[in-house]
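Colleague: Sequence and predicted structure are below.
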Amino acid sequence: MKILATGDEQRIDELKQKFGSEKISVDPAGDTASQLRQYDVIFDLNADEKKSVLDKYAALENKLVIACAVKKSVKAMIGESDQKMKCRIAGMNALPTFINKAPLEVSFADERSRKKFEEFAGNVKLSFLEVKDAIGMVIPRVICMIINEACYSLYQGVAVKEDIDLAMKLGTGYPFGPLEWCDRIGIQNVYETLEAIHYETRDRRYEICPLLKEKYEKKETFYS
């Protein structure tokens, strides 16, 4: 089985840790359909950051394309294209820090794509959890909302960032405190995920803290 991964270096490294470096090819010489057809499975780890990203995969008949589907749903990405989708498409939570975790969080737009992914998962012994095909999926919604609340606590002077992070790690057993986790996921990813969820749902729980917005606009992090 030949697997191709395209995306930023951090996410590709996580994917290699999950499946093994020897199983993953990175960025072919080109991205035409004829060049992509040599692969059985394609991971597009930044798919939800691009416009009409599925166009270049549409003609890959019965090939499995696994696309990051956090900031956009699979159905939304399909809707951006005017081409008939001959490939099978699965969405995944491919935000940094979540790829090399089990089970993988995935979503599907149709039954044929689900069956194709299940076949792949069986071949590579991949554990996964299916969630609704919706912006934010499940885990990113929860973690990004917690990060946003931590930003409000820092913004309002409730506690300093080190104490906020330590309290969450000790109290919840999370691998990182929320502000440290924000840096690891990437402030751009956290902000744009919350922005997309809030636009879709109009739920006040996802209104972005002014401090997080400021960090995003200035391209700053919480820690050096």
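Modeller: Right, received. Where do you want to start?
Colleague: Going along the chain, name the strands of the chain.
Modeller: All strands of the chain, identified by DSSP state E, fall at 3-6, 24-26, 41-44, 64-68, 88-92, 104-108, 128-130.
Colleague: In the first one, which residues are buried?
Modeller: When you say that, I think you mean strand 3-6. 3-6 (16 or more other C-beta atoms under 10 Å). Glycine gets a C-beta too; all of them are placed from N, C-alpha and C.
Colleague: for the last one, same thing?
Modeller: Taking 16+ other C-beta under 10 Å as the basis for neighbour counts, the residues of strand 128-130 that come out buried are residue 128.
Colleague: Just give the strands next to it in its sheet, each with its orientation.
Modeller: In the sheet containing strand 128-130, its partner strands are strand 104-108 (parallel), by DSSP bridges.
Colleague: Can you report the mean pLDDT over the residues of the partner strand?
Modeller: The average pLDDT within strand 104-108 is 97.
Colleague: what's the spacing between it and its chain's center?
Modeller: Computed by C-alpha atoms, centre = their mean, to the nearest Å, the chain-centroid distance of strand 104-108 equals 10 Å.
Colleague: Give me the residues contacting it.
Modeller: For strand 104-108, contacts defined as C-beta atoms under 8 Å, 6 or more residues apart in numbering pick out 66, 69, 73-74, 89-93, 98, 114, 117, 126-134, 137-139.
Colleague: Among those residues, name the buried ones.
Modeller: Judged by 16+ other C-beta under 10 Å, buried ones among the contacts of strand 104-108: 66, 69, 73-74, 89-93, 98, 114, 117, 126, 128, 131, 133-134, 137, 139.
Colleague: how about low-confidence regions in this protein?
Modeller: 28-31 (pLDDT under 70).
Colleague: Which parts of it are helices?
Modeller: In the chain, the helices defined using DSSP state H lie at 9-19, 33-36, 74-80, 111-124, 139-155, 161-172, 178-185, 187-201, 210-218.
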